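Participant: I'll drop the sequence and a predicted model, then ask my questions.
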Amino acid sequence: MKNATDIAAAVNAKISSASAELDKSLAVIAEKNGAINAFLFVDTDGAKSFASNVDERIAQGEKLPLAGVPIAIKDNLCQTGVPTTCSSKILADWRPPYTATVVERLIAAGAIPVGKTNLDEFAMGSSTETSAFGPTKNPLDLTRVPGGSSGGSAAAVAADMTPISLGSDTGGSIRQPAALCGLVGIKPTYGLVSRYGLIAFASSLDQVGPFAKTVADAALVLEVIAGHDPMDSTSLPEPAPSLVAHVNDGVAGKRVALVKELYEGADDEVVASVKAAVAALEAAGATIVELSIPELRLGLSAYYLIAPAEASSNLARYDGVRFGLREQAEDVNDMYEATRTAGFGAEVKRRIMLGTYALSAGYFDAYYGQALKVRTQMIKAFAKAYEQADMLIGATTPTVAFEFGSKTSNPMAMYLSDVFTIPTNLAGDAAVSVPFGTGENDLPIGVQILGPGRSEATLLAAARVLEIADGRA
Amino acid sequence: MSSPLSREEVAKVAKLARLRITDAELEQFTEQLGQILEHAHDMTSLNLADVEPTGHPFGLINVMRDDVVRPSLDRDAVLAEAPASEDGRFAVPRIMGEAP
């Protein structure tokens, strides 16, 4: 499949049409989705109507940044009338009465939302194995996970079902599957992208971002969805930054810090890729320094108290009253309990209980309060590092894509796959995962480039240097 | 090593979270939540008395909008997705028992 930039150019030039591009996408989905389970719902009729609308706009002389580009949407983003399940039984039959701002902006830009993709239930997981509707397979090796939680969105792009997709990243849920599926994934600065219509998991950490096969496509999608939204009170005040225009800015004169805590403990082949990426950036004119930021080691512990605490509060709304599942019972308290017990899966229950415990009287200061202080320490440590470097570099994940079932019995083992991605979410900063090199069985390795808030243009320019050095574009 | 939390505490937390758990789940959650809290010892053991907590990456500021009437979600569209509704409202099972 062509990339999004080329499809939009062809549709704007009337060499192709949105309807023709959609038909190609639907054909690949029909052929491959049975084996991969990337999509939970394919909105064939809706997508066809969006496509003919785009073709009309083009016929009337409009030029659209994502003209006729099919896009897959993670199933925790609302779209009016389209099932939005969060891969949970508790929302299995729910159709939202409103559309997320990011989806509205994609449609306005000419993109064609083709359907909703699988995720770990309520985005809690790193493999899609906690989905109530079965796991998604990694298109590069069907015996392995695509990563998570946005595994369906990553697999849709890796399998050429759509050239781009949207995910959400609370602790690595875009970057980790991007790494495991060989894609570019961006976790934008907190507040850069509207969360209106993103079903909340951990509100102080969640951000929506793109998956793409190329850095330029990822930049294009982020440029379309970013920018202030009055419907999200945490939205940054400024309009979307210019990203596509800066993709080829390079790294000459930039200071890049290789951070020990962002690759230590990773497999040798992953460390080798990170070091090769550093060499490529140096060859392109960057100055390299090595740094240690010991505070980053505390990220995992702080995250697994803060995120569950926020989740336990956010998921209190699933009580069988206003939407989703209701289990019948004699009185209202029994109804709440029966509904939540039947509707949530084991990982969601585990995190709700962990968060409830961390927030409960007697433990609040020791766990949740302490985690918030560690968060302060981490923000300060990052700020200090950014006095010495324009960007940091490390691994996205400790390993290449792992096999199904290999981490499901031990929650801590699964949580450790997010160890390098979590610190960025706690700080509210930006980070990009870009494929660089391969490991075991020729599976892709992701290198992570981190920067301070609003550094997306710099990070994408560095990712572009690596994309070229890796022979990908 | 003893778990940082007991089965009784886990049972209480389940009750607070409005979840029913089986005996097998109680056993499993006690062990797993214990492991996660053990891992957090690297953090809980630090002396951070002088550090300010951060609840939000950039701090939250109240956002006001003009006090102008504007359309909100359509009531019937919202209620159509509810498990039960009656007379334009959400309907729930009884909240109070019969009078004694």
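Facilitator: Received, thanks. None of the values given here were measured: they were computed from a predicted structure. Numbers count the residues shown, from 1 in each chain, chains lettered A, B, ... in the order given.
Participant: what about the residue nearest to the spatial centre of chain B, distance to chain A?
Facilitator: By CA atoms, centre = their mean, the mean C-alpha position of chain B lies nearest to B:Ala17, the distance being 6.3 Å. Per CB to the nearest CB, to the nearest Å, B:Ala17 is found 5 Å from chain A. C-beta coordinates here come from the backbone N, C-alpha and C atoms, glycine included.
Participant: Tell me how many other residues crowd the closest residue to chain B within chain A.
Facilitator: Minimum separation of chain A from chain B (CB to the nearest CB) falls at A:Gly428, amounting to 2.4 Å. Using other CB atoms under 10 Å in any protein chain shown, A:Gly428 is surrounded by 24 other residues.
Participant: cool, A:Leu142 as well?
Facilitator: A:Leu142 is flanked by 11 other residues according to other CB under 10 Å.
Participant: any idea of the pLDDT on it?
Facilitator: A:Leu142 is assigned a pLDDT of 98 by the prediction.
Participant: do B:Glu98 as well
Facilitator: At B:Glu98, the model reports a pLDDT of 67.
Participant: what about the helices in chain B?
Facilitator: For chain B, the helices defined by DSSP state H occupy B:7-16, B:23-39, B:41-44, B:75-80.
Participant: Which one of the residues in chain B is closest to chain A?
Facilitator: Here chain B gets closest to chain A at one residue, B:Pro57, 2.4 Å apart by CB to the nearest CB.
Participant: Now the helix-or-strand element of chain B with minimal mean pLDDT: buried residues?
Facilitator: When each helix and strand of chain B is scored by mean pLDDT, DSSP states H and E, helix B:41-44 comes last, with a mean of 91. Residues of helix B:41-44 classed as buried: B:43-44 (neighbour count, 16 or more other CB atoms under 10 Å in any protein chain shown).
Participant: Say whether chain A is contacted by it.
Facilitator: Yes - for helix B:41-44, a contact with chain A is found by CB under 8 Å from any CB of the partner chain, at B:41-44.
Participant: interface residues of the stretch 151-300 of chain A facing chain B?
Facilitator: Checking the stretch 151-300 of chain A against chain B by CB under 8 Å from any CB, the hits are A:190-191, A:204, A:230, A:233-234, A:236, A:297-298, A:300.
Participant: could you flag which of the residues you listed are buried?
Facilitator: When those are checked for burial by 16+ other CB under 10 Å, the buried set is A:190-191, A:204, A:234, A:236, A:297-298, A:300.
Participant: which ones among those are found in helices?
Facilitator: Going by DSSP H, the helices hold A:Leu300 from those.
Participant: Sitting in strands, which of the buried ones among the residues of the stretch 151-300 of chain A next to chain B do you find?
Facilitator: Using DSSP state E, no member of those sits in strands.
Participant: quick one, what contacts the closest residue to B:Asp74 other than its chain neighbours?
Facilitator: Once flanking residues are discounted, B:Asp74 sits nearest to A:Pro97: 6.7 Å by CB to CB, 6 or more residues apart in numbering or on different chains. By CB atoms under 8 Å, 6 or more residues apart in numbering or on different chains, A:Pro97 lies in contact with A:80, B:73-74, B:77-78, B:80-81.
Participant: of those, closest to A:Ala276?
Facilitator: The shortest approach to A:Ala276 among those belongs to A:Thr80, at 46.1 Å (CB to CB).
Participant: Provide a list of residues in contact with the closest one.
Facilitator: Listed by CB under 8 Å, 6+ apart, the contact set of A:Thr80 reads A:95-99.
Participant: So, low pLDDT: which residues of the stretch 101-250 of chain A?
Facilitator: Across the stretch 101-250 of chain A, not a single residue meets the criterion (pLDDT under 70).
Participant: For it, which segments count as strands?
Facilitator: Listed in chain order, the strands of the stretch 101-250 of chain A (DSSP state E, counting those that start in this stretch) span A:112-117, A:164-169, A:184-187, A:207-212.
Participant: which of those strands is buried the deepest?
Facilitator: The highest mean neighbour count among the strands of the stretch 101-250 of chain A, using mean count of other CB atoms under 10 Å in any protein chain shown, belongs to strand A:184-187: a mean of 34.
Participant: can you pull the alpha-carbon coordinates of that one into CSV?
Facilitator: Taking Å, rounded to 0.1, in the frame of the first residue of the first chain, the C-alpha atoms of strand A:184-187 are listed here in CSV:
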residue,chain,number,x,y,z
VAL,A,184,6.8,5.0,13.6
GLY,A,185,4.7,5.9,16.7
ILE,A,186,4.4,9.3,18.4
LYS,A,187,3.4,10.0,22.0
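Participant: Note down every partner strand of it and its orientation.
Facilitator: Next to strand A:184-187 in the sheet, as set by DSSP bridges, lie strand A:207-212 (antiparallel), strand A:430-438 (antiparallel).
Participant: Any chance you could list what contacts stretch A:356-372?
Facilitator: Residues from elsewhere that reach stretch A:356-372 (CB under 8 Å, 6+ apart): A:301-303, A:305-306, A:308-309, A:312-313, B:5, B:9-10, B:13, B:16-17, B:33, B:37, B:40, B:43-44, B:46, B:48, B:53-55.
Participant: Which of those are buried, as a ChimeraX select command?
Facilitator: A single ChimeraX command selects the buried members of the contacts of stretch A:356-372 (16+ other CB under 10 Å):
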select /A:301,302,303,305,306,308,309,312,313 /B:5,9,10,13,17,33,37,40,43,44,48,54
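Participant: quick one: the spatially most distant residue from the centre of chain A from B:Asp87, how far?
Facilitator: Within chain A, the residue lying farthest from the chain centre (CA atoms, centre = their mean) is A:Glu330, at 41.1 Å. According to CB to CB, to the nearest Å, A:Glu330 and B:Asp87 sit 22 Å apart.
Participant: and if you look at B:Glu25?
Facilitator: For B:Glu25 relative to B:Asp87 (CB to CB), the value is 39 Å.
Participant: between the two, who's got more neighbours?
Facilitator: More crowded of B:Glu25 and B:Asp87, by other CB under 10 Å: B:Glu25, with 18 against 6.
Participant: May I have the residues that are in contact with that one?
Facilitator: B:Glu25 is in contact with A:346, A:349, counting by CB under 8 Å, 6+ apart.
Participant: Next one: it from B:Ala40, what distance?
Facilitator: 22 Å.
Participant: can you check A:Phe404 too?
Facilitator: Counting by CB to CB, the gap from A:Phe404 to B:Ala40 is 28 Å.
Participant: With A:Glu456 instead?
Facilitator: Distance, A:Glu456 to B:Ala40, by CB to CB: 32 Å.
Participant: Just list the residues touching the residue positioned nearest the centre of chain A, thanks.
Facilitator: In chain A, the C-alpha nearest the mean C-alpha coordinate belongs to A:Ile174, at 2.4 Å (CA atoms, centre = their mean). Counting by CB under 8 Å, 6+ apart, A:Ile174 touches A:150, A:167-168, A:185-187, A:209-211, A:433.
Participant: Mind doing that once more with 7 Å?
Facilitator: A:150, A:167-168, A:185-187, A:209, A:211 (CB atoms under 7 Å, 6 or more residues apart in numbering or on different chains).
Participant: Columns distance to A:Ala284 on top of these, output as TSV?
Facilitator: Formatted as TSV, these follow (distance: CB to CB, whole Å):
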residue	distance to A:Ala284
A:Ser150	30
A:Gly167	28
A:Ser168	31
A:Gly185	22
A:Ile186	20
A:Lys187	23
A:Gly209	25
A:Phe211	25
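Participant: Can you spell out the domain ranges of chain A, please?
Facilitator: Using automatic domain parsing, the domain ranges for chain A come out as A:4-230, A:255-295+A:378-469, A:301-365.
Participant: For the last one, what does the pLDDT average out to?
Facilitator: Same thing as domain A:301-365. Domain A:301-365 shows a mean pLDDT of 96 in the predicted model.
Participant: quick one: the one helix or strand A:Ser313 maps to to helix B:23-39, angle?
Facilitator: A:Ser313 belongs to helix A:299-314 when elements are defined using DSSP states H and E. Counting by axes from the mean of the first three to the mean of the last three CA atoms, to 10 degrees, helix A:299-314 lies at 130 degrees to helix B:23-39.
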